[in-house]
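[1] Any chance you could fold what I've pasted below:
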Amino acid sequence: MTPPFRRRRHAASWADAEATRDHTDGRPTSAAQVRRPSRRVVLGGLLLGAAAGTVAELLTETKTARSFRARFPAHGLVTNEYAYRHPHDPQAHTSPDWSVTSGSLFARDGDGWTGPPDVGNTGPDSARHTDSAIFRLVTHRRDFGAVKVRTSVCPAPPVITQRTPAQDWDGGHIWLRYHGPQELYALSFRRRDGLVVIKRKVPAKDASAGDGGNYATVAERRHTFPYRTWHRVTAGAVNTSSGTVLLRLDIDGQTVLAAEDRTPGPLLTPGGVGLRADNTELLFRDFTALVPRG
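    So this is what the prediction gives:
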């Protein structure tokens, strides 16, 4: 597979948003539920000035032995949803670092790549379909508490498929404190609607949420950058002594959104980190999870 856009060096600008097209354990519960949005509320508060700077102070640049850096081969399939569901199949492409609960993860010139977004059964090799219209990538590791995730991203404009019509949240998102598909933080860096968003997802208390979880918007604002250009994205989370979680999203060296989640519940505890893409072809490189010293 060859991407429809070429590699470029980092461009200036910073970005966007979050999502709600989820699978339960990586599987769509039905065609109608795949695109069904969870209920959303706005909570918490934006952090400005010194408060936003607290996140930077607590999340230092120092790497430790517990930090993580993604490495990919030059080309080929890394892993996919088939391997997630059939880890013991000798034909499955498993990864020591990653689980793909939906879609396919490829390597392209040493970068990570979703492949062209479509829908369909990937099989062991993702030869006919990527199923990456709904792309979900998370580390096997679940010990990232205070963490700063950095990566460079090159998203293409969102598309649609017969199973995934256009939604506001179509785009790219970083996951922090991933406990499972119904419990995580999502920091959206480029959305179809031009918003950057920080959201918390918790398990649904009833059957009204087709994806098994409800998103709560912690903070949002408008911010975009051009598609098909490279941009540096950083997402961080750190606990406070008062039992809240500070969250921050930077794009190309500029803080575009910072907020405090005052009711994090189980998300005070460590989890995985990863990427989500909806209806969006995404190239990414230099994915690093930095764990501060202390």
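[2] export stretch 162-176 as PDB, just CAs?
    Included here for stretch 162-176 are C-alpha records, laid out as PDB according to Å, rounded to 0.1, in the frame of the first residue of the first chain:
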ATOM      1  CA  GLN A 162     -20.700   3.100   3.700                       C
ATOM      2  CA  ARG A 163     -20.500   2.200   7.400                       C
ATOM      3  CA  THR A 164     -18.900   5.400   8.800                       C
ATOM      4  CA  PRO A 165     -20.700   8.600   7.700                       C
ATOM      5  CA  ALA A 166     -19.200  12.000   8.500                       C
ATOM      6  CA  GLN A 167     -19.100  13.000  12.100                       C
ATOM      7  CA  ASP A 168     -17.800  16.100  13.800                       C
ATOM      8  CA  TRP A 169     -15.100  14.100  15.700                       C
ATOM      9  CA  ASP A 170     -13.600  12.500  12.600                       C
ATOM     10  CA  GLY A 171      -9.900  12.900  12.800                       C
ATOM     11  CA  GLY A 172      -7.000  12.100  15.100                       C
ATOM     12  CA  HIS A 173      -6.800  11.700  18.900                       C
ATOM     13  CA  ILE A 174      -4.200  10.600  21.600                       C
ATOM     14  CA  TRP A 175      -5.200   8.300  24.300                       C
ATOM     15  CA  LEU A 176      -4.000   8.600  27.900                       C
END
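[3] Could I get the buried residue list for that stretch?
    By neighbour count, and taking 16 or more other Cβ atoms under 10 Å as the criterion, the buried residues in stretch 162-176 are 163-164, 167-176. The C-beta positions use only the backbone N, C-alpha and C, and glycine is treated the same way.
[4] Would you format these as TSV with pLDDT included?
    Formatted as TSV, the buried residues of stretch 162-176 follow (pLDDT from 0 to 100):
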residue	pLDDT
163	97
164	98
167	98
168	98
169	98
170	98
171	98
172	98
173	99
174	99
175	98
176	98
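[5] OK, contacts around residue 128?
    Contacts of residue 128 were listed using Cβ atoms under 8 Å, 6 or more residues apart in numbering, and they are 120-121.
[6] cool, the one 10 residues further on as well?
    In this structure, residue 138 makes contact with 98-99, 101, 175, 178, 272-274, judged by Cβ under 8 Å, 6+ apart.
[7] So which of those are in strands?
    98-99, 101, 175, 178, 272-274 (DSSP state E).
[8] of all the residues you listed, which two lie farthest apart?
    By the measure Cβ to Cβ, the ones in strands among the contacts of residue 138 have their two most distant members at 101 and 273, which lie 14.0 Å apart.
[9] hmm, back to that, so which of the ones in strands among the contacts of residue 138 is surrounded by the most neighbours?
    Taking other Cβ atoms under 10 Å as the neighbour criterion, residue 273 ranks highest of these with 28 neighbours.
[10] Just say helix, strand or coil for the closest residue to residue 227 other than its chain neighbours.
    Spatial nearest neighbour of residue 227, chain neighbours left out: residue 157 (4.8 Å); criterion: Cβ to Cβ, 6 or more residues apart in numbering. Here residue 157 is coil, with the state taken from DSSP: H, G, I helix; E, B strand; the rest coil.
[11] ok so, going back, could you let me know which of the ones in strands among the contacts of residue 138 ends up closest to residue 185?
    Using Cβ to Cβ, residue 175 is the member of the ones in strands among the contacts of residue 138 that lies nearest residue 185, at 6.9 Å.
[12] how about that closest one, what does it touch?
    Counting by Cβ under 8 Å, 6+ apart, the residues that residue 175 touches are 138, 184-186, 272-276.
[13] Run through this structure and note the low-pLDDT ranges.
    Applying pLDDT under 70 to the chain flags residues 1-63, 207-210, 294.
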